[in-house]
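A.B. asks: 3D model of this:
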Amino acid sequence: SESFAKLGRIGPEFLAFSLNRYMEKLINIIGKNGGDIFKFAGDALLVIWPEGSDLSDSCKRAIQCALDIQAELHNVEISKDKKLSIKIGIGVGEVRILFVGGQFDRAEYLIVGEAMRVACLSETKATNGGQTIVHESIHKLIKNFYAFEEIEESEEDDHGGHGDETKGMKFYRVLRLLKDRIQVRADAYLMRTKFNANKVRSKLPLLKSFVPKAISIYLDLEKERWSKEIRMLTIMFLNLKVDLSQTNSEEGIMRIQNIVRTVQRCIYMTKGALNKFLMDDKGSVMLIVWGLPPISEINDASRAVYTA
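C.D. replies: Residues are numbered from 1 along each chain as shown. I've put the predicted structure just below:
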């Protein structure tokens, strides 16, 4: 993004155009394989496959999707000397979806649980773009359906920066499909038959509570293309010191809720915006911004320091 910014006014437009075309292909592949895009988390994408009648079938669809992504989008050149590739980690298990916040009608949503934890750990085992890594729990379910290569641990391995957390676990690199592709009924493509315009309008107030104001104003005006611009911003990176294990109890969840509401109240009092709230195996972080539309002040930097 820094190199594109150096191009001047055309830089953000070109970056947004390139990323949108890449994401369009990615989202199309996920939809065709029955995946449900849960959240854009920084430069990552969280996708879930709800369990059907057969858990192994969900695992097969997820891996089939990953192989399709790697086949089509590995080392894609978006401009001269600039290529994009993807590292994928897949986990299986129970998950919980949390809705937290609510201050001034702004809410955040998170996905937590065993599947999320092992998917994040699996991704750390990918040494380069173009690799898809799965946890041993998936390997046991579908080891005869795909060709796998076990990832060997060396004594010098720091376990993906997770200390002893991955010690004793087994991870496998997905190589190729051994049998016929499975047929997928992509519910995402049937969405238009399940919802009409009136139903969507009735849910807009609820849906907009999850969309930052800096984005929703452009959506209201149907001028999303004007949201790409260079602005002087003040950014706060906030580490909450909360990890996924705390979501296993009601007490831990309420602690997260109280933290989020407190942070929301503080930043909104100084006209800041909560841009991202992420929780994964590395911890929980918030990205808070001052200077986004529709509110920008000459003393945004002072407001950020005061909030801190």
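A.B. asks: May I ask which helix or strand encompasses the closest residue in space to residue 176 that isn't next to it in sequence?
C.D. replies: With Cβ to Cβ, 6 or more residues apart in numbering as the criterion, residue 176 has its nearest non-adjacent residue at 4.9 Å, and that residue is residue 147. No exception for glycine: its C-beta is placed from N, CA and C like everyone else's. Here residue 147 sits within strand 146-150, counting by DSSP states H and E.
A.B. asks: residues in contact with that strand?
C.D. replies: With Cβ atoms under 8 Å, 6 or more residues apart in numbering as the test, strand 146-150 has contacts from 63, 134, 139, 170, 171, 172, 173, 174, 175, 176, 177, 178.
A.B. asks: Take that strand, keep the C-alpha atoms, and write them as CSV.
C.D. replies: The C-alpha coordinates for strand 146-150 follow below in CSV (Å, rounded to 0.1, in the frame of the first residue of the first chain):
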residue,chain,number,x,y,z
TYR,A,146,-6.6,-36.2,-0.4
ALA,A,147,-2.9,-36.7,-0.6
PHE,A,148,-1.1,-35.2,2.5
GLU,A,149,2.4,-34.6,3.6
GLU,A,150,3.1,-34.5,7.3
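A.B. asks: What strands line up against that strand, and which way round?
C.D. replies: Looking at strand 146-150 with DSSP bridges, its partner strands are strand 171-177 (antiparallel).
A.B. asks: Where do the strands of the chain begin and end?
C.D. replies: 36-41, 44-48, 76-79, 82-84, 88-90, 95-101, 107-113, 132-135, 146-150, 171-177, 234-239, 273-280, 283-290 (DSSP state E).
A.B. asks: Deepest-packed of these, please.
C.D. replies: strand 132-135 (a mean of 26; mean count of other Cβ atoms under 10 Å).
A.B. asks: If you count contacts, what does that strand end up packed against?
C.D. replies: When contacts are defined as 3 or more Cβ pairs under 8 Å, 6 or more residues apart in numbering; DSSP states H and E, strand 132-135 packs onto helix 55-73, strand 88-90, helix 114-124, strand 171-177.
A.B. asks: For stretch 178-198, the averaged confidence score.
C.D. replies: Across stretch 178-198, pLDDT averages out at 68.
A.B. asks: before we move on, what about stretch 28-37?
C.D. replies: 89.
A.B. asks: What residues of that stretch count as buried?
C.D. replies: 29, 30, 31, 33, 34, 35 (16 or more other Cβ atoms under 10 Å).
A.B. asks: Could you report the separation of the first one from residue 82?
C.D. replies: Between residue 29 and residue 82 the distance is 21 Å, computed by Cβ to Cβ, to the nearest Å.
A.B. asks: and if you look at the fifth one?
C.D. replies: In this structure, residue 34 and residue 82 are 31 Å apart, going by Cβ to Cβ.
A.B. asks: circling back: closest to residue 100 out of the helices and strands packed on strand 132-135?
C.D. replies: Ranking the helices and strands packed on strand 132-135 by proximity to residue 100 (Cβ to Cβ) places helix 114-124 first, at 15.5 Å.
A.B. asks: Distance to residue 308 for the strands of the chain - can I get that in CSV?
C.D. replies: Output for these, formatted as CSV (distance: least, Cβ to Cβ, whole Å):
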stretch, distance to residue 308
strand 36-41, 23
strand 44-48, 26
strand 76-79, 36
strand 82-84, 34
strand 88-90, 33
strand 95-101, 19
strand 107-113, 20
strand 132-135, 37
strand 146-150, 46
strand 171-177, 39
strand 234-239, 7
strand 273-280, 14
strand 283-290, 9
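A.B. asks: Can you say which of those is nearest to residue 56?
C.D. replies: strand 146-150 (11.3 Å).
A.B. asks: Distance from that closest one to the middle of the chain?
C.D. replies: Relative to its chain's centre, strand 146-150 lies at 26 Å (Cα atoms, centre = their mean, to the nearest Å).
A.B. asks: Report the angle between it and helix 55-73.
C.D. replies: Here strand 146-150 runs at an angle of 80 degrees relative to helix 55-73 (axes from the mean of the first three to the mean of the last three Cα atoms, to 10 degrees).
A.B. asks: what is the mean pLDDT for strand 146-150?
C.D. replies: Mean predicted confidence for strand 146-150 is 94.
A.B. asks: Residue 242 against residue 279, yeah?
C.D. replies: Yes. In terms of Cβ atoms under 8 Å, residue 242 counts as a neighbour of residue 279; the distance is 7.1 Å.
A.B. asks: joint contacts of the two?
C.D. replies: By Cβ under 8 Å, 6+ apart, no residue touches both residue 242 and residue 279.
A.B. asks: still on that earlier bit, same list as before, the buried residues of stretch 28-37 that is, but in TSV and with distance to residue 104 included.
C.D. replies: Below are the buried residues of stretch 28-37 laid out as TSV (distance: Cβ to Cβ, whole Å):
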residue	distance to residue 104
29	37
30	32
31	33
33	38
34	36
35	32
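A.B. asks: farthest-separated two in those residues?
C.D. replies: 29 and 34 (10.9 Å).
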